[in-house]
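*Asks:* Compute the structure for the input listed below.
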Amino acid sequence: NNLFSGATYIGKPEKDPVQALRIYRRVLINANQHLPLRGIDIEVSDPSSDGNKLSLSSVYVDLYTKTRIEKKSEKSRESQKKEEPEFLRIIEAAAIYRQMVVLGDPGSGKSTFVNHLCVCLAAYGLEQSEFWLKRIPGWPRDESSLIPVPVVLRDFARQFSNQQLDADPCHLCDFIYSRLDAQKLTFVKQALNDALENGQAIILLDGLDEVPNKTQRSFIRDTIIAFSNRYPHCRMIVTCRVLSYQDPAWQLDHFPSFELAPFNSQMIDDFIQAWYSELSRLTVVKPENSDDLANRLKQAVRRPDLWNLASNPLLLTVMSLVHTHKQRLPDARSLLYEESVDILLWRWEQIKTGGKDETHGLTQLLRDQGRSELDLKKVLWELAFEAHKKGGGNSNKILSDIGELDLQQALTKLHTTKSRDWAYTIINKIKMRAGLLIEREQAVYTFPHRTFQEYLAGSYLSILKDFASTCSSLAESGAFWREVILLAVGRLVYYSGDSEKPLALVGELCPEQLTNDTLSWQKAWLAGNVLCEIGLKRIEDSNLGKDMKRRVQKRLVQLLEHSALTPVERATAGNVLAKIGDPRFLKDRWYLPDEPLLGFVEIPAGEFLMGSDPKKDLQANDIETPQHKVFLKHYYIARYPVTVAQFKAFVKDSGYKPKYVDCLKGIDTHPVIWVNWVDAVNYCKWLTEKLSNDKNTPKEIAAYINTKGWVIRLPSEAEWEKAARGCDGRIYPWGDDFDVNKVNSQEAEIETTNVVGCFSEGKSPYGIMEMSGNTYEWTNSTWGKNGIELDFKYPYNASDGRENTNSKTYTVIVRGGSYYDDIASVRCARRNWLDPDGRVDLRSFRVVLAPSFSDL
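*Replies:* A predicted model of the protein is given here:
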């Protein structure tokens, strides 16, 4: 190890290619084996003390994607009852697909994953220890000796920032080789080139979204594609933020993408346990105290205000960092970052001096010039803001990092005589001990994570007098400034106690007079995010807040009604509407729709075409044939599937206990899931009673229930299909041609349920929403005695026993397809089945108002 200085080799060149690659692997391990977040302790923070840094492999938790694993059909009803959703692990996706994109929210673990994979492959190639293969379960053994080639894409972009070049694989090769030169590894070039030619390398391209310059997007993307074509046998993984990748200018054709799922409760607990076990190993905490501290943190993150934050790996790391020092957690995300910044800047001095002043410490150096800690932080705020601003502008300069000269010039302003020597001393103190600024390479600095840069840039934004107008202008750059703006709002609200500036920003983002263009919709969506960051209680504290809330609610409803933005963006904006309160639903009417008939829509009497015509529909299958005419009397069907809020109102009012309590945990205006057939039937009975007895029930509905004896119930599959397709036999609710903007199916890439009404352009001829996609819906119709053989075939006959469903005997037909299914499964005529007691999260239901089946 004395031949290495961090990520640089200082020994003699090696001619033997095998030995050259061994040295290269050791450099990779040195560069990536530690968690890139300092501030745990003075010794842990010390770059010269490698043995005391947090080991990435020790705290790494296997990450999952939002992609479901395809299951084989189960013949046994019992086996299906126990069915749980299974999701693909990101390491499994990487093993299956030789070229792929890893998507994730800020701090979701994208970079950590590629760093972990890099270390494990490099270490196995060096040591041949099974320990490293166990850390990447599912990785093919015959490719366990691949040579990792990590590339930070912002560095690659910077190298070509002032040049107009055509995309060519040689550009990326030249950059990779230039990094070898910088690490004194020139002698590795030939061996690495041979590995590329022979398909023995895996290229890890991190941070596609961190190259925000518009003129370079095509160059970077096309160069990556050209490189993959030049070396088709090499594996390649690219990381990018989810929202950035919605821009077609970023997307890599033929590269499958997988979005990282947030931590679940078990993963959160596993990380916390690993965190304190590692600190115990490093003697940062006493071994006898580590379990107690871990348990206290596990309990602390379960506070309602922090639980959602804890599902983000970076924020959980920040919580762990703060908890390590203070044994408590603050109340908001912005305060978490503020306390983390303080720890990273000042904590090491307190440990070293026992809380006493130090003659040459960072704090004392500032005091000698009549400056405070806040003065230094303000300098860092502005530097972070300018770095972010230059990185996101239209110039050719990519400056996500901070040059030492810029840092030095900014710090001299704090010295009475503008001393550069003093400024350099400050820089040295920060980089050697504090950990808030990390020297990635000589004279180039960066923050521990991009989100820290965004928080510091947001802190600078928060002190500007023209905060609202500046933020509104920055928002026009798209997703690049979104996190900065929201962190600035959080700091104003939780640190400064200021809600006026954020509310003024809401007014700028969502003025009364608006145009229906993409930018206007995106700003309205951001305005909703700002309201969430302020907090709903604080919004209600002022008339301005109440007015802004109503304005944004109205605008976001319009966004859904216009099917604006991409499906992923629209679904995310719909979730924001759910958080601030969706005015489409009535709280005092069991959250039924705010419509004259509480969301019930009449389906007129008459014939319709049921089933599929294989000549017209190439996706048709035998159980959908023959296509035939069915006459139905008139009935009413719900515009939307039953939502989480509606089902919770039922449970609260009736005391009913659903079999699977997870059904109560979703977003209020999403379809309720995890409900079995019996739960759905009981909801119908309850709603019938409520509407029958309530004096405010619309007269038309009350008359049908109380005079004609109609009931709320599940639809037959015939009633469901007619409401979905009308009378003309169309394939989808909107027509015969599939359209990704009209349905939440696999092709939309939302990969979860959405707020109801998100796909208004996909409505049926009767105006019924989302009959295709989102979730499967229970019907009252029987499939058969088991899930394999269909007992009730076409033509449909309601009186042949198929509507005498018995939950203990039969399997039940479900309709509509789901977000997990492809275009074939979201057709109006598609028939599927499920055990009435099945535990599957893809199933919901909607209701009809109609005569009971015994009266038909």
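*Asks:* phi, psi of the residue nearest to the spatial centre of the chain?
*Replies:* By CA atoms, centre = their mean, the chain has its centre lying nearest to D105, at 4.6 Å. In this entry, D105 is assigned phi and psi values of phi -70, psi 170 (degrees, to the nearest 10).
*Asks:* Roughly how far does it sit from D588?
*Replies:* Using CB to CB, to the nearest Å, one obtains 35 Å as the distance from D105 to D588. C-beta coordinates here come from the backbone N, C-alpha and C atoms, glycine included.
*Asks:* Kindly report the same for E747.
*Replies:* Summarising the geometry, the distance separating E747 from D588, computed by CB to CB, is 39 Å.
*Asks:* How about D668?
*Replies:* If you measure D668 against D588 using CB to CB, the figure is 15 Å.
*Asks:* still on that earlier bit, what's near enough to touch the residue nearest to the centre of the chain?
*Replies:* Under the criterion of CB atoms under 8 Å, 6 or more residues apart in numbering, the contact partners of D105 comprise R241, V242, L260, P262, N312.
*Asks:* And for W833?
*Replies:* By CB under 8 Å, 6+ apart, the residues touching W833 are W783, G784, G787, L790, T811, V812, I813, V814.
*Asks:* Next one: the residue nearest to the centre of the chain from L577, what distance?
*Replies:* 19 Å.
*Asks:* Pull out the buried positions in stretch 289-307.
*Replies:* Along stretch 289-307, the positions that meet the burial threshold by neighbour count (16 or more other CB atoms under 10 Å) are S290, L293, A294, L297, K298, A300, V301, L306.
*Asks:* again with stretch 156-176
*Replies:* With burial defined by 16+ other CB under 10 Å, the residues of stretch 156-176 counted as buried are F156, A157, R158, F160, S161, A167, P169, H171, L172, C173, F175, I176.
*Asks:* pLDDT value on the last one, please?
*Replies:* What that stands for is I176. I176 is assigned a pLDDT of 96 by the prediction.
*Asks:* Give the helix, strand or coil label for E259.
*Replies:* Assigned with DSSP: H, G, I helix; E, B strand; the rest coil, E259 falls in the strand class.
*Asks:* swap that for I637, please
*Replies:* strand.
*Asks:* one step back: quick one: which of E747 and D588 has more around it?
*Replies:* Between E747 and D588, counted using other CB atoms under 10 Å, E747 has the larger neighbour count: 18 against 7.
*Asks:* Next up, the contacts around the more buried one.
*Replies:* With contacts taken as CB under 8 Å, 6+ apart, E747 has the following neighbours: F738, V740, D822, I823.
*Asks:* what about the closest residue to the second one other than its chain neighbours, distance to Y819?
*Replies:* For V740, ignoring the flanking residues on the chain, the nearest one in space by CB to CB, 6 or more residues apart in numbering is E747 at 4.7 Å. To Y819, E747 is 10 Å away according to CB to CB.
*Asks:* What about the contacts of E747, which are in helices?
*Replies:* For these, not one is inside helices, with DSSP state H as the criterion.
*Asks:* ok, these vs Y494, which is closest?
*Replies:* Within the contacts of E747, proximity to Y494 (CB to CB) peaks at V740, which comes in at 39.3 Å.
*Asks:* For the closest residue to T805 other than its chain neighbours, give the beta-bridge partners.
*Replies:* Distances taken as CB to CB, 6+ apart place T782 nearest to T805, at 4.9 Å, with adjacent residues excluded. T782 has the following beta-bridge partners by DSSP bridges: V812.
*Asks:* which residues touch T782?
*Replies:* The neighbourhood of T782, defined by CB under 8 Å, 6+ apart, consists of D791, F792, G801, R802, E803, N804, T805, Y810, T811, V812, I813.
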